[in-house]
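1. Here is a sequence with its predicted model. Questions after.
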Amino acid sequence: MPVDSVSFIFLNAFLINNFVLAMFLGLCPFLGVSGKLNTAWSMGLATTLVMLISSISAYFINELLVYFQIEFLRLICYIAVIASAVQLVEMSMKKFSPGLFKALGIFLPLITTNCAILGLALFQTHKDYDLAQSLAYSTGAGAGFILAIMLMAGLREKLELANLPNASQGAAMSLMLAGILSLIFMGFAGLGS
Amino acid sequence: MPVKDDHTITADTFLAGIWKENPVFVMLLGMCPVLAVTNSVINALAMGIATTFVLLCSSSLISLLRNFIPKEVRIATYIVIIATFVTITDYVIQAISLELYNALGAFIQLIVVNCMILGRAEAYASRNRLLKTLTNSLGMGIGFSIALLCLGSVRELLGNGSLLGFSIFGDAFQPWVVMVLPPGGFIVLGAWLLLFNWLKEYSLQNKKNSSGSDTLADQKGAL
(Lines give C-alpha, C1' and ligand atoms only; values in the text may rest on other atoms or scores of the structure.)
Protein backbone atom coordinates (compact mmCIF):
# COMPACT_ATOMS: atom_id res chain seq x y z
CA MET A 1 0.00 0.00 0.00
CA PRO A 2 1.39 3.43 -0.89
CA VAL A 3 1.91 5.63 2.16
CA ASP A 4 -0.45 8.42 1.14
CA SER A 5 -3.31 6.26 -0.14
CA VAL A 6 -6.62 6.82 1.60
CA SER A 7 -6.85 3.28 2.96
CA PHE A 8 -3.37 3.40 4.44
CA ILE A 9 -4.04 6.75 6.12
CA PHE A 10 -7.17 5.26 7.69
CA LEU A 11 -5.29 2.18 8.91
CA ASN A 12 -2.45 4.34 10.19
CA ALA A 13 -4.71 6.53 12.31
CA PHE A 14 -6.83 3.57 13.41
CA LEU A 15 -4.22 1.04 14.53
CA ILE A 16 -0.58 1.78 13.78
CA ASN A 17 -0.44 5.26 15.29
CA ASN A 18 -3.54 5.01 17.45
CA PHE A 19 -4.28 8.49 18.75
CA VAL A 20 -4.75 7.43 22.34
CA LEU A 21 -2.35 4.56 22.85
CA ALA A 22 0.56 5.56 20.64
CA MET A 23 0.35 9.35 20.48
CA PHE A 24 -1.10 10.18 23.91
CA LEU A 25 -3.89 12.36 22.56
CA GLY A 26 -7.30 12.52 24.22
CA LEU A 27 -6.17 10.97 27.48
CA CYS A 28 -8.55 12.97 29.69
CA PRO A 29 -11.75 11.32 28.42
CA PHE A 30 -9.88 8.04 27.97
CA LEU A 31 -9.14 7.93 31.70
CA GLY A 32 -12.19 9.88 32.87
CA VAL A 33 -15.14 8.46 30.93
CA SER A 34 -14.06 4.84 30.58
CA GLY A 35 -15.81 3.59 33.71
CA LYS A 36 -18.81 2.09 31.92
CA LEU A 37 -19.16 0.55 28.47
CA ASN A 38 -22.25 2.46 27.32
CA THR A 39 -21.03 5.95 28.31
CA ALA A 40 -17.68 5.13 26.71
CA TRP A 41 -19.49 4.21 23.49
CA SER A 42 -21.51 7.44 23.36
CA MET A 43 -18.45 9.51 24.23
CA GLY A 44 -16.50 7.84 21.43
CA LEU A 45 -19.31 8.46 18.97
CA ALA A 46 -19.70 12.14 19.88
CA THR A 47 -15.93 12.66 19.70
CA THR A 48 -15.78 11.05 16.26
CA LEU A 49 -18.59 13.30 15.02
CA VAL A 50 -16.83 16.45 16.26
CA MET A 51 -13.57 15.17 14.75
CA LEU A 52 -15.20 14.80 11.32
CA ILE A 53 -16.81 18.24 11.38
CA SER A 54 -13.75 20.06 12.68
CA SER A 55 -11.43 18.23 10.30
CA ILE A 56 -13.45 19.29 7.26
CA SER A 57 -13.76 22.89 8.50
CA ALA A 58 -10.07 23.01 9.42
CA TYR A 59 -9.19 21.99 5.87
CA PHE A 60 -11.12 24.87 4.31
CA ILE A 61 -9.98 27.38 6.92
CA ASN A 62 -6.39 26.47 6.28
CA GLU A 63 -6.87 27.05 2.53
CA LEU A 64 -8.25 30.47 3.39
CA LEU A 65 -5.43 31.31 5.80
CA VAL A 66 -2.78 30.27 3.30
CA TYR A 67 -4.47 32.36 0.61
CA PHE A 68 -4.35 35.49 2.79
CA GLN A 69 -0.92 34.55 4.22
CA ILE A 70 -2.02 34.79 7.85
CA GLU A 71 -0.93 31.33 9.02
CA PHE A 72 0.01 32.63 12.47
CA LEU A 73 -3.70 32.83 13.25
CA ARG A 74 -4.09 29.09 12.58
CA LEU A 75 -4.19 27.94 16.21
CA ILE A 76 -6.74 30.53 17.30
CA CYS A 77 -8.97 29.83 14.28
CA TYR A 78 -8.84 26.07 14.80
CA ILE A 79 -9.75 26.22 18.45
CA ALA A 80 -12.61 28.61 17.70
CA VAL A 81 -13.88 26.24 15.00
CA ILE A 82 -13.70 23.27 17.34
CA ALA A 83 -15.54 25.13 20.09
CA SER A 84 -18.30 26.08 17.67
CA ALA A 85 -18.44 22.56 16.20
CA VAL A 86 -18.98 21.19 19.70
CA GLN A 87 -21.70 23.77 20.27
CA LEU A 88 -23.31 22.83 16.94
CA VAL A 89 -23.29 19.10 17.72
CA GLU A 90 -24.71 19.86 21.14
CA MET A 91 -27.56 21.97 19.77
CA SER A 92 -28.51 19.62 16.92
CA MET A 93 -28.35 16.63 19.24
CA LYS A 94 -30.66 18.41 21.67
CA LYS A 95 -33.13 18.98 18.85
CA PHE A 96 -32.97 15.68 16.97
CA SER A 97 -32.16 13.13 19.64
CA PRO A 98 -32.83 14.35 23.18
CA GLY A 99 -32.22 10.87 24.59
CA LEU A 100 -28.63 10.75 23.47
CA PHE A 101 -28.17 14.35 24.57
CA LYS A 102 -29.27 13.47 28.07
CA ALA A 103 -27.07 10.38 28.17
CA LEU A 104 -23.94 12.35 27.33
CA GLY A 105 -24.70 15.29 29.60
CA ILE A 106 -21.61 17.03 30.88
CA PHE A 107 -19.22 15.14 28.58
CA LEU A 108 -20.36 16.99 25.48
CA PRO A 109 -18.95 20.48 26.24
CA LEU A 110 -15.77 18.85 27.54
CA ILE A 111 -14.97 17.59 24.04
CA THR A 112 -13.67 21.11 23.29
CA THR A 113 -10.62 20.51 25.46
CA ASN A 114 -9.98 17.06 24.02
CA CYS A 115 -6.50 17.34 22.54
CA ALA A 116 -7.18 14.55 20.03
CA ILE A 117 -9.40 16.91 18.05
CA LEU A 118 -7.04 19.88 17.92
CA GLY A 119 -4.17 17.44 17.37
CA LEU A 120 -5.98 15.92 14.40
CA ALA A 121 -6.53 19.32 12.79
CA LEU A 122 -2.89 20.32 13.35
CA PHE A 123 -1.46 17.03 12.08
CA GLN A 124 -3.51 16.99 8.88
CA THR A 125 -2.31 20.54 8.13
CA HIS A 126 1.25 19.58 8.95
CA LYS A 127 1.07 16.56 6.62
CA ASP A 128 -0.53 18.54 3.77
CA TYR A 129 -3.47 16.17 3.34
CA ASP A 130 -6.11 16.95 0.72
CA LEU A 131 -9.81 16.71 1.49
CA ALA A 132 -10.23 12.96 0.89
CA GLN A 133 -7.11 12.17 2.88
CA SER A 134 -8.25 14.43 5.73
CA LEU A 135 -11.57 12.62 5.82
CA ALA A 136 -9.87 9.23 5.95
CA TYR A 137 -7.54 10.49 8.66
CA SER A 138 -10.35 11.79 10.85
CA THR A 139 -12.53 8.68 10.48
CA GLY A 140 -9.51 6.53 11.29
CA ALA A 141 -8.67 8.60 14.33
CA GLY A 142 -12.28 8.53 15.51
CA ALA A 143 -12.54 4.77 15.06
CA GLY A 144 -9.23 4.35 16.88
CA PHE A 145 -10.48 6.49 19.75
CA ILE A 146 -13.68 4.42 20.03
CA LEU A 147 -11.65 1.19 19.95
CA ALA A 148 -9.26 2.35 22.68
CA ILE A 149 -11.91 3.75 25.01
CA MET A 150 -14.14 0.66 24.58
CA LEU A 151 -11.24 -1.71 25.31
CA MET A 152 -10.39 0.29 28.41
CA ALA A 153 -14.02 0.41 29.59
CA GLY A 154 -14.38 -3.35 29.15
CA LEU A 155 -11.23 -3.99 31.15
CA ARG A 156 -12.27 -1.59 33.91
CA GLU A 157 -15.72 -3.18 34.21
CA LYS A 158 -14.02 -6.53 34.79
CA LEU A 159 -11.58 -4.93 37.20
CA GLU A 160 -14.43 -3.80 39.46
CA LEU A 161 -14.91 -7.43 40.43
CA ALA A 162 -11.25 -8.01 41.23
CA ASN A 163 -9.89 -7.70 44.73
CA LEU A 164 -7.13 -5.10 44.54
CA PRO A 165 -4.86 -3.73 47.26
CA ASN A 166 -6.01 -0.30 48.40
CA ALA A 167 -2.97 1.57 47.10
CA SER A 168 -3.44 0.41 43.51
CA GLN A 169 -7.06 1.39 43.12
CA GLY A 170 -8.22 4.19 40.83
CA ALA A 171 -6.00 6.06 38.43
CA ALA A 172 -2.81 4.10 39.16
CA MET A 173 -4.38 0.85 37.99
CA SER A 174 -5.99 2.49 34.94
CA LEU A 175 -2.60 3.82 33.86
CA MET A 176 -0.95 0.41 34.28
CA LEU A 177 -3.74 -1.10 32.15
CA ALA A 178 -3.26 1.62 29.54
CA GLY A 179 0.45 0.77 29.52
CA ILE A 180 -0.27 -2.88 28.76
CA LEU A 181 -2.81 -1.94 26.06
CA SER A 182 -0.26 0.40 24.53
CA LEU A 183 2.34 -2.38 24.58
CA ILE A 184 -0.10 -4.55 22.63
CA PHE A 185 -0.76 -1.81 20.10
CA MET A 186 2.98 -1.52 19.46
CA GLY A 187 2.60 -4.85 17.70
CA PHE A 188 0.60 -3.13 14.95
CA ALA A 189 3.69 -1.10 14.03
CA GLY A 190 4.62 -4.05 11.84
CA LEU A 191 1.69 -3.25 9.55
CA GLY A 192 3.37 -0.02 8.53
CA SER A 193 6.39 -1.50 6.80
CA MET B 1 -20.90 37.33 45.43
CA PRO B 2 -22.07 38.74 48.75
CA VAL B 3 -19.31 36.99 50.67
CA LYS B 4 -16.24 39.17 50.94
CA ASP B 5 -13.39 37.63 49.01
CA ASP B 6 -10.32 36.60 50.89
CA HIS B 7 -7.40 38.48 49.39
CA THR B 8 -4.68 37.44 51.80
CA ILE B 9 -1.81 35.51 50.28
CA THR B 10 -0.48 32.73 52.44
CA ALA B 11 2.31 30.25 51.88
CA ASP B 12 -0.41 27.75 51.08
CA THR B 13 -1.52 29.78 48.05
CA PHE B 14 1.86 29.03 46.53
CA LEU B 15 2.51 25.56 47.94
CA ALA B 16 -0.89 24.09 47.06
CA GLY B 17 0.12 23.54 43.45
CA ILE B 18 3.38 21.88 44.35
CA TRP B 19 2.16 19.32 46.83
CA LYS B 20 -1.44 19.21 48.03
CA GLU B 21 -3.11 19.98 44.69
CA ASN B 22 -0.35 18.93 42.34
CA PRO B 23 -1.97 19.10 38.89
CA VAL B 24 -0.46 15.84 37.66
CA PHE B 25 -0.15 13.52 40.62
CA VAL B 26 -3.25 14.60 42.57
CA MET B 27 -5.68 16.16 40.11
CA LEU B 28 -4.65 14.18 37.01
CA LEU B 29 -4.95 17.19 34.70
CA GLY B 30 -3.07 17.85 31.50
CA MET B 31 -2.06 14.23 31.00
CA CYS B 32 -1.32 14.39 27.28
CA PRO B 33 1.91 16.44 27.39
CA VAL B 34 2.89 14.73 30.65
CA LEU B 35 3.14 11.39 28.92
CA ALA B 36 4.05 12.42 25.41
CA VAL B 37 7.12 14.62 25.85
CA THR B 38 8.75 13.11 28.92
CA ASN B 39 11.04 10.69 27.11
CA SER B 40 14.03 12.83 28.07
CA VAL B 41 14.81 15.34 30.83
CA ILE B 42 15.47 18.22 28.42
CA ASN B 43 12.10 17.83 26.69
CA ALA B 44 10.33 17.58 30.02
CA LEU B 45 12.04 20.75 31.29
CA ALA B 46 11.24 22.72 28.14
CA MET B 47 7.61 21.63 28.23
CA GLY B 48 7.38 22.55 31.92
CA ILE B 49 8.77 26.03 31.34
CA ALA B 50 6.57 26.65 28.30
CA THR B 51 3.43 25.55 30.13
CA THR B 52 4.30 27.63 33.20
CA PHE B 53 4.84 30.69 31.01
CA VAL B 54 1.49 30.29 29.27
CA LEU B 55 -0.23 29.60 32.58
CA LEU B 56 1.25 32.71 34.24
CA CYS B 57 0.48 35.07 31.35
CA SER B 58 -3.02 33.82 30.62
CA SER B 59 -4.16 33.62 34.22
CA SER B 60 -2.87 37.09 35.07
CA LEU B 61 -4.59 38.59 32.01
CA ILE B 62 -7.81 36.77 32.87
CA SER B 63 -7.52 37.95 36.46
CA LEU B 64 -7.15 41.56 35.29
CA LEU B 65 -10.10 41.28 32.89
CA ARG B 66 -12.29 39.23 35.19
CA ASN B 67 -14.84 42.02 35.69
CA PHE B 68 -15.14 42.77 31.97
CA ILE B 69 -15.67 39.28 30.56
CA PRO B 70 -19.37 38.45 30.17
CA LYS B 71 -20.28 35.24 31.91
CA GLU B 72 -21.92 33.60 28.87
CA VAL B 73 -18.85 33.67 26.66
CA ARG B 74 -16.18 33.28 29.32
CA ILE B 75 -14.89 29.86 28.25
CA ALA B 76 -14.46 31.00 24.64
CA THR B 77 -12.68 34.16 25.84
CA TYR B 78 -10.34 32.15 28.04
CA ILE B 79 -9.48 29.81 25.20
CA VAL B 80 -8.72 32.67 22.81
CA ILE B 81 -6.47 34.34 25.44
CA ILE B 82 -4.66 31.06 26.07
CA ALA B 83 -4.30 30.40 22.33
CA THR B 84 -2.70 33.82 21.85
CA PHE B 85 0.01 33.14 24.43
CA VAL B 86 0.57 29.64 23.08
CA THR B 87 1.15 31.07 19.60
CA ILE B 88 3.75 33.44 21.07
CA THR B 89 5.46 30.59 22.92
CA ASP B 90 5.40 28.46 19.79
CA TYR B 91 7.23 31.10 17.73
CA VAL B 92 9.69 31.90 20.54
CA ILE B 93 10.73 28.26 20.93
CA GLN B 94 11.07 27.95 17.17
CA ALA B 95 13.40 30.97 17.20
CA ILE B 96 15.52 29.81 20.15
CA SER B 97 16.08 26.18 19.26
CA LEU B 98 14.79 24.43 16.16
CA GLU B 99 16.01 21.10 17.51
CA LEU B 100 13.87 21.40 20.62
CA TYR B 101 10.94 22.59 18.51
CA ASN B 102 11.13 19.46 16.38
CA ALA B 103 11.46 17.20 19.43
CA LEU B 104 8.35 18.63 21.09
CA GLY B 105 6.43 18.70 17.81
CA ALA B 106 2.76 19.56 17.93
CA PHE B 107 2.68 19.35 21.69
CA ILE B 108 3.64 23.00 22.11
CA GLN B 109 0.54 24.03 20.21
CA LEU B 110 -1.49 21.50 22.15
CA ILE B 111 -0.82 23.48 25.35
CA VAL B 112 -4.02 25.30 24.34
CA VAL B 113 -6.11 22.30 25.29
CA ASN B 114 -4.20 21.52 28.48
CA CYS B 115 -7.10 21.23 30.90
CA MET B 116 -4.91 22.42 33.77
CA ILE B 117 -4.64 25.95 32.29
CA LEU B 118 -8.34 26.27 31.51
CA GLY B 119 -9.13 24.81 34.92
CA ARG B 120 -6.97 27.43 36.65
CA ALA B 121 -8.62 30.20 34.62
CA GLU B 122 -12.11 29.01 35.49
CA ALA B 123 -11.55 28.05 39.11
CA TYR B 124 -9.02 30.61 40.28
CA ALA B 125 -8.10 33.49 37.99
CA SER B 126 -11.70 34.53 37.37
CA ARG B 127 -12.26 34.98 41.10
CA ASN B 128 -9.04 36.34 42.58
CA ARG B 129 -6.88 39.43 42.39
CA LEU B 130 -3.80 39.59 40.21
CA LEU B 131 -1.14 39.02 42.86
CA LYS B 132 -2.89 36.07 44.44
CA THR B 133 -3.54 34.49 41.04
CA LEU B 134 0.08 34.96 40.05
CA THR B 135 1.33 33.28 43.23
CA ASN B 136 -1.01 30.36 42.84
CA SER B 137 -0.29 29.91 39.12
CA LEU B 138 3.45 29.99 39.74
CA GLY B 139 3.03 27.22 42.30
CA MET B 140 0.90 25.20 39.89
CA GLY B 141 3.39 25.69 37.08
CA ILE B 142 6.29 24.60 39.27
CA GLY B 143 4.30 21.61 40.50
CA PHE B 144 3.56 20.65 36.89
CA SER B 145 7.23 21.00 35.91
CA ILE B 146 8.36 18.92 38.89
CA ALA B 147 5.96 16.16 37.87
CA LEU B 148 7.27 16.28 34.29
CA LEU B 149 10.85 16.08 35.57
CA CYS B 150 9.98 13.12 37.83
CA LEU B 151 8.72 11.22 34.81
CA GLY B 152 11.37 12.42 32.40
CA SER B 153 14.31 11.50 34.62
CA VAL B 154 13.04 7.97 35.31
CA ARG B 155 12.28 7.34 31.66
CA GLU B 156 15.58 8.71 30.38
CA LEU B 157 17.59 6.90 33.06
CA LEU B 158 16.03 3.51 32.38
CA GLY B 159 15.38 3.87 28.68
CA ASN B 160 18.67 5.43 27.69
CA GLY B 161 20.99 4.93 30.66
CA SER B 162 21.66 8.65 30.75
CA LEU B 163 20.54 11.84 32.47
CA LEU B 164 20.46 15.17 30.59
CA GLY B 165 22.44 13.39 27.88
CA PHE B 166 25.31 12.31 30.16
CA SER B 167 25.82 8.58 30.44
CA ILE B 168 25.21 7.35 34.00
CA PHE B 169 25.40 3.59 33.90
CA GLY B 170 28.29 3.26 31.45
CA ASP B 171 28.52 1.23 28.28
CA ALA B 172 27.68 -2.15 29.80
CA PHE B 173 24.08 -1.05 30.52
CA GLN B 174 21.40 -2.53 28.31
CA PRO B 175 18.76 0.21 27.90
CA TRP B 176 15.11 -0.69 28.51
CA VAL B 177 13.93 0.65 25.19
CA VAL B 178 10.27 0.27 26.15
CA MET B 179 10.66 3.10 28.67
CA VAL B 180 11.13 5.79 26.02
CA LEU B 181 8.32 4.32 23.91
CA PRO B 182 4.62 5.07 24.64
CA PRO B 183 3.95 2.13 27.04
CA GLY B 184 6.79 3.33 29.27
CA GLY B 185 5.02 6.65 29.82
CA PHE B 186 1.85 5.01 31.07
CA ILE B 187 3.70 2.52 33.25
CA VAL B 188 6.08 5.05 34.87
CA LEU B 189 3.22 7.46 35.68
CA GLY B 190 1.22 4.54 37.07
CA ALA B 191 4.19 3.58 39.22
CA TRP B 192 4.56 7.13 40.58
CA LEU B 193 0.86 7.24 41.47
CA LEU B 194 1.20 3.84 43.14
CA LEU B 195 4.10 5.16 45.20
CA PHE B 196 2.14 8.24 46.31
CA ASN B 197 -0.93 6.17 47.15
CA TRP B 198 1.21 3.81 49.19
CA LEU B 199 2.85 6.72 51.05
CA LYS B 200 -0.56 8.22 51.80
CA GLU B 201 -1.87 4.93 53.11
CA TYR B 202 1.27 4.36 55.15
CA SER B 203 1.01 7.76 56.86
CA LEU B 204 -2.72 7.24 57.42
CA GLN B 205 -2.03 3.91 59.08
CA ASN B 206 0.61 5.46 61.32
CA LYS B 207 -1.84 8.15 62.39
CA LYS B 208 -4.47 5.51 63.08
CA ASN B 209 -2.05 3.42 65.13
CA SER B 210 -1.01 6.35 67.29
CA SER B 211 -4.61 7.38 67.96
CA GLY B 212 -5.49 3.82 68.95
CA SER B 213 -8.30 2.90 66.54
CA ASP B 214 -6.91 0.74 63.79
CA THR B 215 -9.69 -1.58 62.72
CA LEU B 216 -9.81 -2.50 59.07
CA ALA B 217 -13.30 -1.07 58.65
CA ASP B 218 -12.11 2.31 59.91
CA GLN B 219 -9.31 2.44 57.39
CA LYS B 220 -11.60 1.48 54.52
CA GLY B 221 -14.01 4.20 55.56
CA ALA B 222 -11.26 6.78 55.68
CA LEU B 223 -10.09 5.94 52.20
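-> Happy to help now that I have it.

2. In chain B, what residue spans correspond to strands?
-> All strands of chain B, identified by DSSP state E, fall at B:162-163, B:166-167.

3. what does the first one contact?
-> Going back to what we said before, that points to strand B:162-163. Contacts to strand B:162-163, defined as C-beta atoms under 8 Å, 6 or more residues apart in numbering or on different chains, come from residues B:41, B:153, B:156-157, B:168-169. Backbone N, C-alpha and C define where each C-beta goes, glycine included.

4. hmm, back to that, ranking the strands of chain B by mean neighbour count, which comes first?
-> Compared across those, strand B:162-163 shows the largest average neighbour count, a mean of 16 (mean count of other C-beta atoms under 10 Å in any protein chain shown).

5. So what's the model's average confidence on it?
-> Averaging pLDDT along strand B:162-163 gives 80.

6. Stretch A:82-102 now?
-> Here stretch A:82-102 scores 82 as its mean pLDDT.

7. so, in contact with chain B or not, it?
-> Yes. For stretch A:82-102 and chain B, the contact criterion (C-beta under 8 Å from any C-beta of the partner chain) is met by A:Ala83.

8. List the buried residues in that stretch.
-> Across stretch A:82-102, burial judged by 16 or more other C-beta atoms under 10 Å in any protein chain shown covers A:82-83, A:85-86, A:89-90, A:93, A:101.

9. Closest to chain B out of these?
-> Nearest to chain B, judged by C-beta to the nearest C-beta, of those is A:Ala83 at 5.8 Å.

10. quick one, strands of chain A?
-> Secondary structure of chain A (DSSP E): no strands located.

11. Sketch out the low-pLDDT regions of it for me.
-> For chain A, the stretches with pLDDT under 70 are A:1, A:103-107, A:192-193.

12. which sections of chain B are below the confidence cut-off?
-> Short version for chain B, where the test is pLDDT under 70: B:1-7, B:211-223.

13. could you pull out the helices for the chain?
-> All of this refers to chain A. A:6-11, A:27-32, A:37-68, A:74-96, A:98-104, A:107-110, A:115-126, A:131-159, A:171-185 (DSSP state H).

14. look at chain B instead
-> Assigned by DSSP H, chain B shows helices spanning B:11-15, B:31-36, B:41-64, B:74-96, B:98-104, B:115-120, B:130-160, B:182-211, B:216-222.

15. Could you dump these into JSON lines and include mean neighbour count and distance to A:Ile61?
-> Listed next are the helices of chain B as JSON lines, based on neighbours: other C-beta atoms under 10 Å in any protein chain shown; distance: least, C-beta to C-beta, whole Å:
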{"stretch": "helix B:11-15", "mean neighbour count": "15", "distance to A:Ile61": "41"}
{"stretch": "helix B:31-36", "mean neighbour count": "26", "distance to A:Ile61": "23"}
{"stretch": "helix B:41-64", "mean neighbour count": "22", "distance to A:Ile61": "23"}
{"stretch": "helix B:74-96", "mean neighbour count": "18", "distance to A:Ile61": "14"}
{"stretch": "helix B:98-104", "mean neighbour count": "14", "distance to A:Ile61": "23"}
{"stretch": "helix B:115-120", "mean neighbour count": "23", "distance to A:Ile61": "22"}
{"stretch": "helix B:130-160", "mean neighbour count": "22", "distance to A:Ile61": "31"}
{"stretch": "helix B:182-211", "mean neighbour count": "17", "distance to A:Ile61": "30"}
{"stretch": "helix B:216-222", "mean neighbour count": "10", "distance to A:Ile61": "52"}
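
16. ok, now which ones touch residue 65?
-> Picking chain A for this. Taking C-beta under 8 Å, 6+ apart as the test, what A:Leu65 contacts is A:71, A:73-74, A:77.

17. Actually, chain B is the one I wanted.
-> So B:Leu65 contacts B:Thr77 (C-beta under 8 Å, 6+ apart).
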